[in-house]
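> A predicted structure for the sequence below; I have some questions about it.
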Number of protein chains: 2
Amino acid sequence: MKKVINNVSDIEKELLEGLATACPKIVRKLRDQNIIVRAILNPNKVAIVSGGGSGHEPAHAGYVGYGMLDCAVSGSIFTSPPVSLVFKAICEVANEKGVLCIVKNYTGDIMSFDLAIDMARSKGIKVDRVIVDDDIAVTDNLVGRRGVAGTILVHKIAGAAAEAGLDLETIKEIAQRTINNVRTIGVALKLCTVPAVGKPGFDVPDTEMEFGIGIHGEPGIRQEQITSADGIARKMLDKLLSHIYFAGNEVVVLINGMGATPMMELLIVSRFVNAYLYRNAVKIHDTLVGNYMTSIDMAGFSISLLKLDDNLRAFYDASAITFALKK
Amino acid sequence: MKKVINNVSDIEKELLEGLATACPKIVRKLRDQNIIVRAILNPNKVAIVSGGGSGHEPAHAGYVGYGMLDCAVSGSIFTSPPVSLVFKAICEVANEKGVLCIVKNYTGDIMSFDLAIDMARSKGIKVDRVIVDDDIAVTDNLVGRRGVAGTILVHKIAGAAAEAGLDLETIKEIAQRTINNVRTIGVALKLCTVPAVGKPGFDVPDTEMEFGIGIHGEPGIRQEQITSADGIARKMLDKLLSHIYFAGNEVVVLINGMGATPMMELLIVSRFVNAYLYRNAVKIHDTLVGNYMTSIDMAGFSISLLKLDDNLRAFYDASAITFALKK
């Protein structure tokens, strides 16, 4: 395992300190807590909170700032943040307008957020949550679809709706509509190495890839031969297009690197995605290409499609000033 | 070699097409030429042109847009663009105000740009160039220091000066002052694989790193044991701080991933850099962290420091709207 780290047990804390020192005008880190908060909070808008395990940098702390999140709470690598930490995060940004939590669909994350929300409500805090479940790879389990890179688009739109001064109920409805309209599928050529483990969770043979990979290196649908970039992207798009009726609609495309994927490859994928969506009568409003929701050092990528309506488009287009996304 | 590509011979063209389709409001690609041009050119300002071999994505095409470059010209992977292509790029954006070319210090790049500049001048085009040589790793050769990630900061500042309407001579002087004030050093844990070759140029043993790596996988100063993130960053900073007198000055820090480096590691480095510069009385004006000038899929990073003065700070802070850098 070759990594640029210090003590394995300090990774989560140190990376958040690094993020906070890189953009002190945008965020600050709470002392002794793996919580990142906006440098200046606006008490006259609904606060947006997200979080989950570390290892997905720049998510979620990199999306704290104007027009997106007010607070991000980080657990250990690929581990849900504890209830007490989520509770602290909610309290830190709570105000009379209320708090909306954006949670990815994992049992541990939901449990931590739901218990913390109960605690916050018992203190008189107005707080609600939405669950993001955009990953179409695995659907035949009890938990349902996983929450992956599409979560960034939910941050963007819910954050803009909050910045516009809407009330908690309306923002929740807009966030839920975004969730209903976004789908993601991923592939991995090389799995990630969790520093405390020192080796990948399973092997992907030299000529194969994992189709439908999760963002923690969980297996997807199957291992299959690596074909061309266009062949891989086409298969992913066909699966996405069969899941929601995107034709005739306007979409945001997110081509997301998993951490060790060269920009060169993401751009080659972007080329095909653009051409193939055009051929399928899907209009692209905007395309994001880069490392938005990673899995440490996984080599691979995901494609997310978000179907817009006039309302979602306006919030997507609104300004954002964060470490990882500026608009 | 596991890569998400189509035909090896189409990589350069396809990645530029992917970039252009991802941000059609910002740039367009010339048909049948690996040249990216601003979607809307302003003929009333000096045009800024840069370029070099492919494989450094998002550089340089990702920096074409408002406040940075007007045009980027790409050769094959790690290969200088041919004279005819550089000439075409200069002609494409030339206007009465003139053209400034920003060239990285490699023999092939300089030869292509200088011959193209001669051709352009013979056509009556007003054009000049600066040479970026920020890499302090290798200095004892005939060519001098290599041009690496600091080039992005030269793009930023020269681009802003051009946008402000300054004349060619003044912009060249500002670009040269930026070059004089910027230094970079890099390390690699894992070398890059050029697709047409299929394997790295040399081996780095499992517990070692290449200190002073170039952006094409050229050897640096020596191979040495991988220590902690803080230990590696400290050694890099000591070398940078011994090269230019940064103490008491304000700097821009660029912590640049080489393509396959997880954001987690770059952020951990950012934390140390911030603390160590503070201890050495260097004031940080801004910190950039991400994949700005890559070497395909190399795992490693570089640190660049740019010493500011009031003039450079103002141009650094000015707006930029490009694929890879927004301010």
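Structure's in. What do you need? Numbering: from 1, shown residues only, chains lettered A, B, ... in the order given.

> use CA for all of it now, contacts and neighbours both
Will do.

> could you check whether stretch A:221-229 is close to chain B?
Yes. Under the criterion of CA under 8 Å from any CA of the partner chain, chain B is reached by stretch A:221-229 at A:Ser228, A:Ala229.

> residues from the stretch 101-250 of chain A in reach of chain B?
A:Leu189, A:Asp206, A:Thr207, A:Ser228, A:Ala229, A:Asp230.

> Please name the residues that touch the nearest residue to the fourth one once chain neighbours are set aside.
It stands for A:Ser228. In space, and not counting its chain neighbours, A:Ser228 is closest to B:Asn6: 4.8 Å by CA to CA, 6 or more residues apart in numbering or on different chains. Residues in contact with B:Asn6, defined by CA atoms under 8 Å, 6 or more residues apart in numbering or on different chains, are A:Ser228, A:Ala229, A:Asp230.

> With only the CA atoms kept, save the helix or strand in which A:Asp118 is found in CSV.
Assessed by DSSP states H and E, A:Asp118 sits inside helix A:107-122. The C-alpha trace of helix A:107-122 is given here as CSV (Å, rounded to 0.1, in the frame of the first residue of the first chain):
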residue,chain,number,x,y,z
THR,A,107,-28.5,1.4,6.9
GLY,A,108,-25.9,2.9,9.1
ASP,A,109,-26.2,6.5,7.8
ILE,A,110,-30.0,6.4,8.1
MET,A,111,-29.8,5.0,11.6
SER,A,112,-27.4,7.7,12.7
PHE,A,113,-29.3,10.6,11.1
ASP,A,114,-32.7,9.4,12.3
LEU,A,115,-31.6,9.0,15.9
ALA,A,116,-29.9,12.4,15.8
ILE,A,117,-33.0,13.9,14.3
ASP,A,118,-35.1,12.5,17.1
MET,A,119,-32.7,14.0,19.6
ALA,A,120,-32.7,17.3,17.9
ARG,A,121,-36.5,17.4,17.7
SER,A,122,-36.7,16.7,21.4
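
> about what we covered before: and the residue nearest to A:Ser228, how far from A:Val269?
From B:Asn6 across to A:Val269, the span is 10 Å (CA to CA, to the nearest Å).

> anything in contact with each of these two?
By CA under 8 Å, 6+ apart, B:Asn6 and A:Val269 have these common neighbours: A:Ala229, A:Asp230.

> still on that earlier bit, buried only: go through the residues of the stretch 101-250 of chain A next to chain B for me.
The neighbour-count test (16 or more other CA atoms under 10 Å in any protein chain shown) applied to these identifies A:Leu189, A:Ala229, A:Asp230 as buried.

> returning to that earlier point: I'd like the contacts of B:Asn6 laid out as a markdown table, including pLDDT and secondary structure.
Shown next, in a markdown table, are the contacts of B:Asn6 (pLDDT from 0 to 100; DSSP: H, G, I helix; E, B strand; the rest coil):
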| residue | pLDDT | secondary structure |
| --- | --- | --- |
| A:Ser228 | 97 | coil |
| A:Ala229 | 98 | helix |
| A:Asp230 | 98 | helix |
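
> ok, and for the helix holding A:Asp118, which residues are buried?
A:Gly108, A:Asp109, A:Ile110, A:Ser112, A:Phe113, A:Asp114, A:Leu115, A:Ala116, A:Ile117, A:Met119, A:Ala120.

> Likewise for stretch A:145-160?
Neighbour-count burial for stretch A:145-160 [16+ other CA under 10 Å]: A:145-160.

> now swap in stretch A:223-239 and tell me
In stretch A:223-239, counting by 16+ other CA under 10 Å, buried: A:Gln223, A:Ile226, A:Thr227, A:Ala229, A:Asp230, A:Gly231, A:Ile232, A:Ala233, A:Arg234, A:Met236, A:Leu237, A:Lys239.

> now swap in stretch A:156-176 and tell me
A:156-163, A:166, A:168, A:171-172, A:174-176.

> Name the residues that touch it?
Against stretch A:156-176 from outside (CA under 8 Å, 6+ apart): A:44-48, A:66-69, A:97-100, A:128-130, A:154, A:178, A:312, A:315-316, A:318-320.

> and if you look at stretch A:17-37?
Outside stretch A:17-37, the residues touching it (CA under 8 Å, 6+ apart) are A:12-13, A:16, A:38-40, A:61-62, A:64-66, A:70-75, A:85, A:89, A:93, A:321-323, B:267-272, B:274, B:286-289.

> Give me the buried entries from those.
The neighbour count (16+ other CA under 10 Å) marks A:12-13, A:16, A:38-39, A:61-62, A:64-66, A:70-75, A:85, A:89, A:93, A:321-323, B:267-272, B:274, B:286-289 as buried among those.

> Now, the residues you listed that are in helices?
Here DSSP state H is the test, and those give A:12-13, A:16, A:85, A:89, A:93, B:267-272, B:274 as lying in helices.

> and the closest residue to A:Met1 other than its chain neighbours, what pLDDT?
The shortest distance from A:Met1 to any residue other than its chain neighbours is 5.7 Å, reached at A:Gly198 (CA to CA, 6+ apart). As predicted, A:Gly198 sits at a pLDDT of 92.

> Please verify my assumption that A:Gly198 contacts A:Lys2.
No. Using CA atoms under 8 Å, A:Gly198 makes no contact with A:Lys2, being 9.0 Å away.

> Next, show the common contact partners of these two.
Joint contacts of A:Gly198 and A:Lys2 (CA under 8 Å, 6+ apart) do not exist.

> Chain A: helices as residue ranges?
Using DSSP H, helices in chain A cover A:11-22, A:83-93, A:107-122, A:151-163, A:168-181, A:229-241, A:263-279, A:310-317.

> Now do the fifth one against helix A:310-317, angle only.
Taking axes from the mean of the first three to the mean of the last three CA atoms, to 10 degrees, helix A:168-181 and helix A:310-317 form an angle of 90 degrees between their directions.

> now helix A:168-181 and helix A:151-163, what's the angle there?
160 degrees.

> How about the third one?
Orientation note: helix A:107-122 sits at an angle of 20 degrees relative to helix A:151-163 (the same axes, to 10 degrees).

> Against which helices or strands is helix A:107-122 packed?
Here helix A:107-122 touches helix A:83-93, strand A:99-104, strand A:127-132, going by 3 or more CA pairs under 8 Å, 6 or more residues apart in numbering or on different chains; DSSP states H and E.

> change it to 7 Å
Applying 3 or more CA pairs under 7 Å, 6 or more residues apart in numbering or on different chains; DSSP states H and E, we find helix A:107-122 packed against helix A:83-93.

> and the helix it packs on, C-alpha only, in CSV?
Extracted as CSV, the C-alpha positions of helix A:83-93 are listed here (Å, rounded to 0.1, in the frame of the first residue of the first chain):
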residue,chain,number,x,y,z
VAL,A,83,-25.3,9.6,16.3
SER,A,84,-23.7,12.1,18.7
LEU,A,85,-21.7,13.7,15.9
VAL,A,86,-24.6,14.0,13.6
PHE,A,87,-26.6,15.5,16.5
LYS,A,88,-23.8,18.0,17.1
ALA,A,89,-23.8,18.9,13.4
ILE,A,90,-27.5,19.6,13.4
CYS,A,91,-27.3,21.7,16.5
GLU,A,92,-24.4,23.7,15.1
VAL,A,93,-26.4,25.1,12.2
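
> Any buried residues in that helix, and which?
In helix A:83-93, counting by 16+ other CA under 10 Å, buried: A:Val83, A:Leu85, A:Val86, A:Phe87, A:Lys88, A:Ala89, A:Ile90, A:Cys91, A:Glu92, A:Val93.
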